[in-house]
Structures are given as C-alpha cells and as structure tokens.
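[1] got a predicted model here, sequence first, then my questions.
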Amino acid sequence: MDAQALSQPHNVTLTGERIVLRSITEEDTPLIVKWRNNERVRHNFMFRETFTEEMHDAWYREKVLQGKVIQFIICEKEGMRPVGTVFLQDIDEENKEADYGFLIGEDDAAGKRYGTECIALVKDYCKNTLGLKSLTGKIIEGNQASTKSWTKAGAVIVEAHEDTLCSDGTKVNMLFTRMQL
C-alpha cells in the first residue's frame, strides 16, 4: 500500500458525474455535527446519542490527522454544496482492506443515488491509489438506501448479527458486507 496515500492530513479530490469528494477539513465540523444529529441519519447508526463538536474534534484530531481514517466530504458537483461524508477506517495494510462508511446528511440530497456514485469513486481510489483489495461495512437492517448502494457496487452480505445493542438501548439486526475491488 502507498504509505504516502495514508499520510494525513491528505488533500485529495475525487470527481464523479454528479458528486465530488474532497478531503475533510476542521472547518467541516459544524456540518458533520448537524448531519450526525439528523434523526434520519442517527437512526442508521449504532451511536444514537447527541453528537457534539467536541466529539467530532476528537475524532478529527485522533483519527483523521493521525492517518488512521481517511475522510471525505461529499459535495454536489454543481455548486459544490456539501451533502454528506464518507470515511475509510480500520485500514489493514497486511490484508489490504478497510472498513467503509458513509452518510447523506442533507435530507433533500437523500435518494439521489449519491451513495452509489460515492462507493464507485471510493472503490477506484482504494484499488488504484491505496492498493486495497476489499472493503467491508456494516448496515443496520432496514436501511434500504445503504443496502441498495452496497449491493449495486457488488458487495455481498457475509454475516448478520441479531439484537445488536445501540447506544439508546434499541436492538437492531446488523448486516456485515464485503466487496472485492
């Protein structure tokens, strides 16, 4: 794997047909906090408590700036409006895989297939720049948008865990996915 590609903070832009992925910056903190506290988004995460700027600042300092996570902001190509975020974490250089996650935070951007385009851009980046061979992910059962994006990109559900406990005490079924690059 290209060690320089993992160094942080990175400054990468990936351009698709309708979206652009740009590297996250500290200035994106208010947007991330707003999106993570959106009820539609929160419902699709295991962590469902109020998300704060302090929490995101810690993530940014300890994960992104240390090169443990690569995170992008998803922008609509026309106008460059930020609408969501995507990240790669648990990057395993030995097995050449990473855990992938994304969210569309702006309600009016949900359902526009940005997640599908996002996965395609990240797959190409992971394969051709980072030298990865596979991506893994977790989807809460019933999250049809994420399930559709993953399966359209070629992912398969490799495992399911029933009654996974969320931070608010709710139990959900968790689907574990894998896709080859």
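    Happy to help now that I have it. Residues are numbered from 1 along each chain as shown.

[2] and residue 46, what element?
    Using DSSP states H and E, residue 46 falls within no helix or strand.

[3] with residue 14 instead?
    strand 13-15.

[4] quick one: distance of that strand to the chain centre.
    Relative to the centre of its chain, strand 13-15 is centred 15 Å away, using CA atoms, centre = their mean, to the nearest Å.

[5] same for that strand, what does it pack against?
    strand 19-23, helix 114-128 (3 or more CB pairs under 8 Å, 6 or more residues apart in numbering; DSSP states H and E). Quick note: C-beta positions are derived from backbone N, CA and C, even for glycine.

[6] closest to residue 81 out of these?
    strand 19-23 (10.2 Å; CB to CB).

[7] now do the closest one against helix 114-128, angle only.
    50 degrees (axes from the mean of the first three to the mean of the last three CA atoms, to 10 degrees).

[8] just checking: what are the partner strands of strand 19-23?
    strand 13-15 (antiparallel), strand 70-76 (antiparallel) (DSSP bridges).

[9] returning to that earlier point: buried residues in the strand holding residue 14?
    For strand 13-15, the neighbour count (16 or more other CB atoms under 10 Å) marks residue 14 as buried.

[10] same check on stretch 57-66?
    Applying 16+ other CB under 10 Å to stretch 57-66 flags 59, 60, 63, 64 as buried.

[11] check stretch 173-181 too.
    So, applying 16+ other CB under 10 Å, buried residues of stretch 173-181: 174, 175, 177, 178, 179, 181.

[12] closest to residue 136 among the buried residues of stretch 57-66?
    residue 63 (17.2 Å).
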